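Trainee: coords please:
(chains A and B)
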Amino acid sequence: MSVVDIRHAAVAYGGRVVLRDVSMRTESGQVTAILGANGSGKSTLVRTILGLVPLAGGEIDLFGTPQRRFREWARIGYVPQRLGAGSGVPATVGEVVASGRLARRGIFRPARAADKEAVRAALEDVALLDRINDPVATLSGGQQQRTLIARALAGRPDLLVLDEPTAGVDAVSQEAFAGVLSRFAARGGTILLVAHELGPIQPLIGTAVVVHDGRIAYEGAVPEPAGHHAEPGHDHVHPHAQPEQPAICVAPTDRMPPSNHPAATL
Amino acid sequence: MDLFQYEFMLRALAGALVIGLTAPALGIYLVQRRLSLIGDGIGHVALTGVGVGLLFNQSPVLTAVVVSILGAVGVELVRQRGRTSGDLALALLFYGGIAGGVVLVGLSDSTSANLTQFLFGSLTTTSRQDLIVIAVLGVAVLTAMLALRPALFAVCNDEEYARVSGLPVRTLNLLLAVTTAVTVTIAMRTVGVLLVSALMVVPVAAAQQVTRGFRTTMAAAMAIGLGAAAVGVTVSGELDTAPGATIVILAIAAFLAITVGAATWRMLRRRIPAEREHAGPPEVVLQEASAR
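Mentor: Numbers count the residues shown, from 1 in each chain, chains lettered A, B, ... in the order given. Below is the predicted model of the structure:
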């Protein structure tokens, strides 16, 4: 069964075309990484799938239902790139993760024991249960990222959509992360993630999709990094399927410091 | 002398307590989404509503509710489009609202004393009918803020995530806009449009100095708002000061006291483990010594 089915999608921001004629299909249980350089449109692609960016053309089906008529949002767990800017009003880890239950329980029904249990289970999964009553602002970047994953998992979704989950995340959290995703995949969950560099999650990825200049430039097995491109801080993707195209360089130029640089490990 | 033997003082107290409890319960969401000053902007718009009421000999509170709801919904729609920055939208509200209010009040044949009443509040002239309106609307706002806390928290904390969760984000945002307008208008009697925002924001600012979670911040902010209102009305009765301004000054005093207290507590707590370290096993002391 197809979980996400995109046919000839086009997206434009204020007249500027960001995605053109994008078609891709994700089957149930598949783990797909969307790769690409900054500004390639890879983040826009997932945001379009989630309905955060309107389609200018083409169609998207979610779980076999056209996106416009799709209402079972509880089946999708979204993990944004980072926690919102934070306003100063404190919120505990538990409170943030509990937001993930709203799609399931609705906004009028108060939390029940099952909701609380799901929150605890999700935090246990990301190894943050001991921080449930701590303010999220006191957590490290990697722990905050894990909190966001727990929030998505708390809704018991069938599809996890992650936007650059490992960007700027310390090594411990990256490992924890790979563990969470592999357990989710082992339960039959479908994963769609945007990545800059794959790191420890690379073995999980079944399909890689490379977005270049608003189009899908490559779709298939994860390309092997070679030579100096395999060095830490580099994640170069060579679309061997289409050798006539220039190599697509995916280097973390906007991350200071690179996530697998020793300085980033807290 | 017992201040509260007079009915007008009892009405003043009851009105202030409702506002003291409701304003922070709403304000916490506004602070969380960095719209701390929106209440002030809506307050200025409410003044235009007062002007409309005085000009056409209608109840100023009623016209203020209508005009400020229109203003709040307008701001929310501008914000959703994301074209104009929230900052500019607020500036337009402030100046347009106050200018419209002053011009309209001037056109009507009411005195400037009337305008002052709405600018700075006039708690002691609260009539029985006013009090009923304040109580009914206040309880409605309070119920919505408490019952919908998880959903409103989700929307204010991460709006995109809330949208992907399938929450009715637009409706919840409009609900916040409308309840802000209603709270501003009922608080107008207590503290006046110029100080309305203070009761929404200051108790929250004070509470979050010492709290760890959203729910506890909300409870503490409501307690601080209620306390400032109760003490403020009493003190203003004793000292014959303006009740609204007295309540706000007390809330700010609470903020300062809590901030200083929390800072002192943190400093003390940091010193205690440092002293314990000296009593620790010898190797710890040695390591410390070599490090220095």
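
Trainee: quick one: which helix or strand includes residue 34?
Mentor: Just so you know, I chose chain A. strand A:31-36 (DSSP states H and E).

Trainee: meant chain B, my bad for not saying
Mentor: Going by DSSP H and E, B:Arg34 is not in any helix or strand.

Trainee: Distance check, B:Ile186 against B:Ala16.
Mentor: Counting by Cβ to Cβ, to the nearest Å, the gap from B:Ile186 to B:Ala16 is 11 Å. All C-beta atoms are positioned from the backbone trio N, CA, C, and that covers glycine.

Trainee: Mind checking which of the two has more residues around it?
Mentor: Just comparing B:Ile186 and B:Ala16: by other Cβ atoms under 10 Å in any protein chain shown the higher neighbour count belongs to B:Ala16, 33 against 26.

Trainee: so what's that one up against?
Mentor: B:123, B:190, B:229-230, B:232-233, B:243, B:247 (Cβ atoms under 8 Å, 6 or more residues apart in numbering or on different chains).

Trainee: hmm, try it at 6 Å
Mentor: B:190, B:229, B:233 (Cβ atoms under 6 Å, 6 or more residues apart in numbering or on different chains).

Trainee: give me the number of residues near B:Glu160?
Mentor: 15.

Trainee: so how far does stretch A:97-117 reach from one end to the other?
Mentor: End-to-end distance for stretch A:97-117: 11 Å, by Cα to Cα, to the nearest Å.

Trainee: Is that stretch in proximity to chain B?
Mentor: Yes - legend: contact between stretch A:97-117 and chain B by Cβ under 6 Å from any Cβ of the partner chain is shown at A:99, A:102-103, A:107.

Trainee: so which of the residues you listed comes closest to A:Asp213?
Mentor: When these are ranked by distance to A:Asp213 (Cβ to Cβ), A:Ala103 comes first, at 34.3 Å.

Trainee: my read: that closest one touches B:Ser165, true?
Mentor: Yes - counting by Cβ atoms under 6 Å, A:Ala103 does reach B:Ser165; the two are 4.0 Å apart.

Trainee: Now the common contact residues for these two.
Mentor: Taking Cβ under 6 Å, 6+ apart as the criterion, A:Ala103 and B:Ser165 both touch A:Trp73.

Trainee: Show the pLDDT at the residue of chain A found nearest chain B.
Mentor: Across chain A, no residue is closer to chain B than A:Trp73, which sits at 3.1 Å (Cβ to the nearest Cβ). Note on A:Trp73: pLDDT of 92.

Trainee: In three-state terms, label the closest residue to it other than its chain neighbours for me.
Mentor: Leaving aside its sequence neighbours, A:Trp73 sits nearest to B:Gly166 (Cβ to Cβ, 6 or more residues apart in numbering or on different chains; 3.1 Å). Under DSSP: H, G, I helix; E, B strand; the rest coil, the three-state class of B:Gly166 is coil.

Trainee: For B:Gly166, the count of nearby residues, please.
Mentor: B:Gly166, neighbours per other Cβ under 10 Å, totals 20.

Trainee: just the helices in the chain please.
Mentor: Chain wasn't specified; assuming chain A. A:42-49, A:93-98, A:102-105, A:113-125, A:141-154, A:171-186 (DSSP state H).

Trainee: My question was about chain B, not that one.
Mentor: B:7-32, B:38-55, B:60-81, B:86-107, B:112-120, B:128-147, B:149-157, B:159-164, B:169-191, B:196-207, B:214-239, B:243-278, B:282-291.

Trainee: would you list the ones you listed in JSON lines and tack on distance to A:Gly64 and mean pLDDT?
Mentor: Listed next are these as JSON lines, based on distance: least, Cβ to Cβ, whole Å; pLDDT from 0 to 100:
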{"stretch": "helix B:7-32", "distance to A:Gly64": "37", "mean pLDDT": "92"}
{"stretch": "helix B:38-55", "distance to A:Gly64": "42", "mean pLDDT": "88"}
{"stretch": "helix B:60-81", "distance to A:Gly64": "30", "mean pLDDT": "86"}
{"stretch": "helix B:86-107", "distance to A:Gly64": "39", "mean pLDDT": "83"}
{"stretch": "helix B:112-120", "distance to A:Gly64": "58", "mean pLDDT": "76"}
{"stretch": "helix B:128-147", "distance to A:Gly64": "35", "mean pLDDT": "91"}
{"stretch": "helix B:149-157", "distance to A:Gly64": "27", "mean pLDDT": "93"}
{"stretch": "helix B:159-164", "distance to A:Gly64": "19", "mean pLDDT": "92"}
{"stretch": "helix B:169-191", "distance to A:Gly64": "25", "mean pLDDT": "90"}
{"stretch": "helix B:196-207", "distance to A:Gly64": "45", "mean pLDDT": "93"}
{"stretch": "helix B:214-239", "distance to A:Gly64": "37", "mean pLDDT": "94"}
{"stretch": "helix B:243-278", "distance to A:Gly64": "54", "mean pLDDT": "84"}
{"stretch": "helix B:282-291", "distance to A:Gly64": "63", "mean pLDDT": "40"}
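
Trainee: Tell me which of these lies nearest to A:Arg131.
Mentor: helix B:214-239 (15.6 Å).

Trainee: measure B:Leu174 to chain A for me?
Mentor: 14 Å (Cβ to the nearest Cβ, to the nearest Å).

Trainee: So out of everything in the stretch 51-200 of chain B, what residue is nearest chain A?
Mentor: For the stretch 51-200 of chain B, Cβ to the nearest Cβ, closest residue to chain A: B:Gly166, 3.1 Å.

Trainee: Please list all residues in contact with A:Ala176.
Mentor: If you count contacts by Cβ under 6 Å, 6+ apart, A:Ala176 has them with A:Ala127.

Trainee: Report pLDDT for it.
Mentor: Value listed for A:Ala176 in the pLDDT field: 84.

Trainee: Kindly report the same for the one 4 residues further on.
Mentor: A:Val180 carries a pLDDT score of 92 in this model.

Trainee: Would you format the contacts of B:Ala16 as TSV with neighbour count included?
Mentor: Converted to TSV, the contacts of B:Ala16 look like this (neighbours: other Cβ atoms under 10 Å in any protein chain shown):
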residue	neighbour count
B:Thr190	29
B:Ala229	31
B:Val233	29
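
Trainee: Save these as CSV, and put in distance to chain A too.
Mentor: Below are these laid out as CSV (distance: Cβ to the nearest Cβ, whole Å):
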residue, distance to chain A
B:Thr190, 24
B:Ala229, 21
B:Val233, 27
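
Trainee: The stretch 101-250 of chain B against chain A: which residues are in contact?
Mentor: Checking the stretch 101-250 of chain B against chain A by Cβ under 6 Å from any Cβ, the hits are B:151, B:154, B:158, B:160, B:164-166, B:208, B:211-214, B:217.

Trainee: which of these lies closest to B:Leu239?
Mentor: Of those, the one sitting nearest to B:Leu239 (Cβ to Cβ) turns out to be B:Gln208, at 29.9 Å.

Trainee: OK, contacts around the closest one?
Mentor: Contacts of B:Gln208 (Cβ under 6 Å, 6+ apart): A:89-90, B:217.

Trainee: try 10 Å
Mentor: Residues counted as contacts of B:Gln208 (Cβ atoms under 10 Å, 6 or more residues apart in numbering or on different chains) are A:87-90, A:135, B:28, B:31-32, B:214, B:216-218, B:220-221, B:255, B:258.

Trainee: A:Gly29 too?
Mentor: A:Gly29 neighbours (Cβ under 10 Å, 6+ apart): A:1, A:3, A:158, A:185-191, A:206.

Trainee: Try it again at 8 Å.
Mentor: Going by Cβ under 8 Å, 6+ apart, the list of residues near A:Gly29 reads A:185, A:188-190.

Trainee: How about B:Leu167?
Mentor: Contacts of B:Leu167 by Cβ under 8 Å, 6+ apart are A:102-103, A:107, B:151, B:154-155.

Trainee: Going by distance to B:Ala46, which of those wins?
Mentor: B:Val155 (24.3 Å).
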